[in-house]
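**Q** pasted the sequence and its predicted model underneath.
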Amino acid sequence: MSEQIKGKVDLNRVSHSVRAAQAVLQYGVGAMVDFPDQTLVTAAPEYWSGDTGRIYDDRFAKALRVDYFAIPTNIAYARFPEWYFCPKCRKFQPLQKWVDEYRKSANPKILERDEYMVEHMQCPKCKQDLVVARIVTVCEKGHLNDFPWVKWVHTKSKKPVCGTPALKFKTGASGTEGLEGLSVSCSCGATASLKGAFDKDCFEKLDQDAGTDFFRCSGNHPFRHIQEKCPCYPKTVQRGASSVYFPIVYSSLVIPPYADKLNVKIEQSKAFEDCVTVINDEEPEDKLNTIKKRLPKWTEKIALEVGALKTDVEKILIRKWLKPEKSEVDVTGIQYRIDEYYALTGEISSSSGKALGDFSREEMDIKEYIIPHIKSVSLIDKVRVVNALIGFSRISPAMNRNDKGFVDVKESDTRWYPAYEVRGEGIFIEFEQSDIDKWIRDNPAVIERAKRISDNYSTSFIGKNHPRTITPKFIMLHTLSHLLISQLSFECGYSIASLSERLYCSEESDGKTMAGIFIYTASGDSEGTLGGLVRQGRPDAFPQILKKAISHAQTCSNDPVCIMSKGQGRDSLNLAACHACGLLPETCCEERNAFLDRGLVIGTYDNKEIGFWRDMP
């Protein structure tokens with residue numbers, strides 16, 4: 001059942017604004033945002049107004065089956081939760097009733113300016129600011145509903161729902177604690193506290209006891225303004241609980257040839273934007289013929305604007321529009337990372353030489369570093385990372401669109417995802433695979449430690465839905481990455497949260513043997529774009545940083561508890577790693593601070609030989 005939208009109301013851009021990164025991460029589509037005077041839900045991209053700033057990354061877009069990405073600008077919001085109460089008279093009712101009362105009593109001039117009581121939400125009678133309901137209900141299918149206040153108070157009182165319910169929200173005496181001290185009463189005499197509202201299966205039990213079917217999920221998607229049929233029973237949660245919203249964000253490096261300077265110039269040209277508009281206006285079955293028919297004219301127009309050869313422009317346009325899409329590509333899979341690995345190691349390069357737009361790589365002479373186990377070091381002077389929000393889940397985190405509870409943020413015919421991009425720099429370290437193989441082969445205890453983490457993962461919630469084997473190589477690379485990020489923040493002044501990691505770890509059976517770490521600036525502002533991180537990757541600085549990182553890992557303020565741990569962290573997915581040594585802010589880590597163990601880097605008290613870097617001078 002769809003609801004008609006009467007119109008849009010402009011919000012104050014100062015009090016109702018979020019950063020682009022926030023609009024893709026914690027405040028993305030479907031999430032509740034607590035603004036100073038009200039709580040709103042970020043609406044679906046289809047409701048956003050105005051021109052969105054477009055972001056192009058052909059490799060990423062084709063993998064996600066869209067045409068482009070867009071920076072969150074002119075975001076639309078929906079009012080949710082809808083229940084508000086007045087802290088003075090304690091009247092508790094849906095927002096529409098508050099608005100109706102406001103319209104009856106407000107000054108005509110104020111009504112003309114603010115018809116929907118947006119500027120100042122207050123009780124028309126008491127002139128007190130309205131307070132939004134503290135709790136909502138969510139279900140495993142991603143629906144978000146108001147708590148069933150009317151049904152709750154009448155069913156708990158064992159009374160039928162009256163014709164015109166008028167509720168009041170009350171707080172008990174000072175000696176009453178918890179949910180028992182919060183009660184809701186109706187004008188018909190029904191009253192009930194919130195005791196048991198958070199109990200598991202509380203709504204199902206109420207239906208069974210009363211012989212009704214009142215409390216099933218209403219199937220509400222406030223971000224889309226629709227309601228669906230849902231057989232589930234919802235769960236009561238605090239409005240700000242972390243389980244209300246789990247965003248699913250994919251990221252991708254823009255690599256050659258998609259990062260070439262000419263490619264970037266074409267994407268930023270007015271002629272290219274006009275061509276994209278024409279293509280998007282065509283019916284899906286007519287797009288290909290239109291492109292083939294108009295390609296020569298479009299090529300000439302774009303080449304004239306950007307000052308490039310027609311043949312070069314035509315090659316790029318053919319790759320963008322006429323090159324057939326590959327079969328379904330998993331953005332989180334190994335194959336997608338292999339392309340980036342080729343670019344970071346220099347195995348593929350730009351066809352235009354040094355004329356790069358968003359990717360610039362400088363390979364260093366590894367002989368100058370005098371560090372064991374490292375095959376190469378590359379300084380990535382320029383890199384662009386695109387982060388796109390593709391969906392979300394509630395109650396339980398999902399990792400991709402095939403997971404239970406996944407909700408797509410857009411409709412199937414919408415050809416873009418909300419995203420933000422980060423331009424920065426980074427250091428790429430490639431390791432000797434033969435040294436890693438020898439380390440694992442010579443130390444059976446290494447395999448045992450990795451198996452302990454892998455077994456814990458297989459029994460976890462995510463592990464049951466996404467089986468994978470956690471190898472010693474991956475744990476060692478991941479832990480070293482965390483140690484390096486911590487040390488780099490000390491050496492060059494970056495805040496740890498402004499750095500991020502990208503791990504490249506696979507075997508020949510996966511299609512390519514990879515053993516590398518890419519540490520790059522992940523902040524959306526100017527920090528990390530002036531060469532500070534790249535400078536630390538040069539031969540006169542990086543060896544000392546690596547040695548200090550490994551030296552600091554030798555001890556932890558929580559030792560010996562930390563180093564002797566048999567499993568700590570989420571689902572016991574870490575061994576010797578805690579907040580005092582190996583954990584980082586979640587924005588830095590690809591694996592949500594899991595699969596870490598200092599023991600595989602520097603060894604343990606019992607067995608120093610299992611440390612891959614035990615021989616570091």
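**A** Structure's in. What do you need?

**Q** please make it C-alpha for all contacts and neighbour counts, starting now.
**A** Noted.

**Q** point out where the stretch 51-200 of the chain drops to low pLDDT.
**A** 51, 172-177 (pLDDT under 70).

**Q** tell me where it has strands.
**A** In the stretch 51-200 of the chain, the segments counted as strands under DSSP state E, counting those that start in this stretch are 53-55, 68-71, 77-79, 83-85, 91-94, 131-132, 135-138, 144-146, 167-171, 182-186, 191-193.

**Q** how about these in a markdown table, adding mean neighbour count and distance to residue 417?
**A** A markdown table is the format used below for those (neighbours: other Cα atoms under 10 Å; distance: least, Cα to Cα, whole Å):
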| stretch | mean neighbour count | distance to residue 417 |
| --- | --- | --- |
| strand 53-55 | 17 | 10 |
| strand 68-71 | 22 | 5 |
| strand 77-79 | 21 | 17 |
| strand 83-85 | 25 | 31 |
| strand 91-94 | 20 | 32 |
| strand 131-132 | 20 | 30 |
| strand 135-138 | 22 | 24 |
| strand 144-146 | 24 | 22 |
| strand 167-171 | 19 | 41 |
| strand 182-186 | 20 | 42 |
| strand 191-193 | 20 | 43 |
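
**Q** need these in CSV with distance to residue 159, can you?
**A** Putting the strands of the stretch 51-200 of the chain into CSV (distance: least, Cα to Cα, whole Å) gives the following:
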stretch, distance to residue 159
strand 53-55, 54
strand 68-71, 51
strand 77-79, 30
strand 83-85, 22
strand 91-94, 19
strand 131-132, 26
strand 135-138, 23
strand 144-146, 21
strand 167-171, 14
strand 182-186, 11
strand 191-193, 10
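
**Q** right, and those - which one's nearest residue 270?
**A** Among the strands of the stretch 51-200 of the chain, the nearest to residue 270 by Cα to Cα is strand 53-55 (12.2 Å).

**Q** for that closest one, packing partners?
**A** Taking 3 or more Cα pairs under 8 Å, 6 or more residues apart in numbering; DSSP states H and E as the contact definition, the neighbouring helices and strands of strand 53-55 are strand 68-71, strand 416-431.

**Q** and stretch 141-155, end to end?
**A** Taking Cα to Cα, to the nearest Å, the span from the opening residue of stretch 141-155 to its closing residue is 25 Å.

**Q** of all the strands of the stretch 51-200 of the chain, which lies closest to residue 586?
**A** In this view, those are compared for proximity to residue 586 by Cα to Cα, and strand 68-71 is the closest at 22.5 Å.

**Q** now residue 502, what's its secondary structure?
**A** In the three-state summary, residue 502 is assigned as strand, counting by DSSP: H, G, I helix; E, B strand; the rest coil.

**Q** beta partners for the residue nearest to it when sequence neighbours are not counted?
**A** Counting by Cα to Cα, 6 or more residues apart in numbering, residue 502 lies nearest to residue 518, which is 5.1 Å off, once chain neighbours are set aside. Residues in a beta bridge with residue 518, per DSSP bridges, are residue 428, residue 502.

**Q** my guess is residue 518 meets residue 485, correct?
**A** No. Counting by Cα atoms under 8 Å, residue 518 does not reach residue 485; the two are 10.4 Å apart.

**Q** so, low pLDDT: which residues of the stretch 451-600 of the chain?
**A** With pLDDT under 70 as the threshold, the stretch 451-600 of the chain has low-confidence stretches at 523-531.

**Q** same thing but at 50, please
**A** Applying pLDDT under 50 to the stretch 451-600 of the chain flags the ranges 526-528.

**Q** hang on, residue 306 packs against residue 265?
**A** Yes. Taking contacts as Cα under 8 Å, residue 306 lies within contact range of residue 265: 6.4 Å.
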